[in-house]
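1. fold the stuff below for me.
(chains A and B)
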Amino acid sequence: MSVGLEHYLVLSAVLFSIGLYGVLAKRNAVVILMCIEIMLNAVNIALVAFSRYVVPMFLTGQIFAIFVIVVAAAETAVGIAIIIAIYRSRESVDVDKFDLMKW
Amino acid sequence: MFDIVFWILAAVTVGAALAVVILRDVFRAALSLVLLFLTIAVIYITLYADFLAVVQILIYVGAISILIIVAIMLTREVWHGSPSGKLRIPALVVSLLLLGTLVFTVMSTKWETSSEPPQQPTTAAIGLSLFGEGGFILPVEITAVLLLAAVLGAIVLIREK
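-> So this is what the prediction gives:
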């Protein structure tokens, strides 16, 4: 069986699940941000694979992936700014200690 | 030949992603994240997305990884490591369930793939559909506003009082 759409989709699903596990299980906020990047990249692989195998004449999947990359860059910048701001006031990036908004 | 390249890439990508999650040293996790970004760029090349591969290397390998490494340096968390929280087992169960659901859905769906050859140099075509008539010009403008808002927000958040 030669490599086709299903292989790329399964690879994307595996990467997304690994990223989801990291987001749920890790306590370091920077590592959680890294795992969110893994999930966004997994989604991009699925989009580009659909673009290649389902509509090869149009590049809509790749254009959508470009927008995802731009939004991911903005999200990383703001996320790291928030983490550093919290680190200044709490001296920690442990999400278990971020209970500022907890009743 | 193409199949072998795909399997090697898939193995390296999944291994790098697992290393990001498993490694306790945050800095080494960031370095394997860089490896993950690079292999994903090569995966784009196997999907005939040459422009996207270059964009991936420029933005992810070039900018975002530097940003993450700077954040690690600024927060001095290298010495503390990245321990897992109390929710480790539930998180593992949830992500395995999601993985099973996704793989089952992908495998049981009949995908209508097209046998047309892909467009080969994609840069001109992507530029035309982003900026040309009837293209994605409005989302591009909105993206510019979003980037401006993100830059301003990051500066305001991180400024010394």
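2. can you give me the helices in chain B?
-> Ranges of helices in chain B, per DSSP state H, are B:2-22, B:26-46, B:50-56, B:65-75, B:88-108, B:122-131, B:137-158.
3. report pLDDT for B:Ser82.
-> pLDDT recorded at B:Ser82 is 68.
4. roughly how far does the most centrally placed residue in chain B sit from B:Asp3?
-> Note on chain B: the residue nearest the mean C-alpha position is B:Phe37, at 6.2 Å, using C-alpha atoms, centre = their mean. Computed as C-beta to C-beta, to the nearest Å, the B:Phe37 to B:Asp3 distance reads 23 Å. From N, CA and C alone the C-beta is placed, and that goes for glycine too.
5. swap in B:Glu141?
-> For B:Glu141, the distance to B:Asp3 - C-beta to C-beta - is 42 Å.
6. need the contact list for residue 54.
-> No chain was given, so I picked chain A. A:Leu5, A:Gly61, B:Trp111, B:Glu112, B:Thr113, B:Ser114 (C-beta atoms under 8 Å, 6 or more residues apart in numbering or on different chains).
7. please go with chain B instead
-> Contacts of B:Val54 (C-beta under 8 Å, 6+ apart): B:Ala41.
8. tell me, how many residues neighbour A:Gly4?
-> 13 (other C-beta atoms under 10 Å in any protein chain shown).
9. how about the contacts made by it?
-> A:Tyr53, B:Thr113.
10. which residue is the nearest non-sequential neighbour of A:Leu33?
-> Residue nearest to A:Leu33 in three dimensions, not counting chain neighbours: A:Gly79, with 5.2 Å by C-beta to C-beta, 6 or more residues apart in numbering or on different chains.
11. element containing the one you found?
-> Counting by DSSP states H and E, the element that carries A:Gly79 is helix A:60-90.
12. now that helix, how far from the centre of its chain.
-> Centroid separation for helix A:60-90 versus its chain: 9 Å, with C-alpha atoms, centre = their mean, to the nearest Å.
13. and it, what does it pack against?
-> helix A:29-53, helix B:50-56, helix B:65-75, helix B:122-131, helix B:137-158 (3 or more C-beta pairs under 8 Å, 6 or more residues apart in numbering or on different chains; DSSP states H and E).
14. closest one to B:Leu9 among the ones you listed?
-> helix A:29-53 (10.5 Å; C-beta to C-beta).
15. between the closest one and helix B:88-108, how big is the angle?
-> 0 degrees (axes from the mean of the first three to the mean of the last three C-alpha atoms, to 10 degrees).
16. in the lowest-mean-pLDDT helix or strand in chain A, what's buried?
-> One helix or strand of chain A scores below all others by mean pLDDT, DSSP states H and E: helix A:60-90, with a mean of 91. Neighbour-count burial for helix A:60-90 flags A:61-67, A:69-70, A:72-84, A:86-87 (criterion: 16 or more other C-beta atoms under 10 Å in any protein chain shown).
17. state the number of residues packed around residue 45.
-> No chain specified, so I'll use chain A. Neighbour tally, A:Ile45, other C-beta under 10 Å: 22.
18. right idea, wrong chain: chain B
-> Neighbours of B:Ile45 (other C-beta under 10 Å): 15.
19. pLDDT at it, what is it?
-> 92.
20. ok, and the closest non-adjacent residue to it?
-> Counting by C-beta to C-beta, 6+ apart, the residue nearest B:Ile45 is B:Ala53, at 4.8 Å.
21. how near is that neighbour to A:Gly79?
-> With distances taken as C-beta to C-beta, B:Ala53 is found 25 Å from A:Gly79.
22. again, but for B:Ser84
-> From B:Ser84 to A:Gly79 the distance is 20 Å (C-beta to C-beta).
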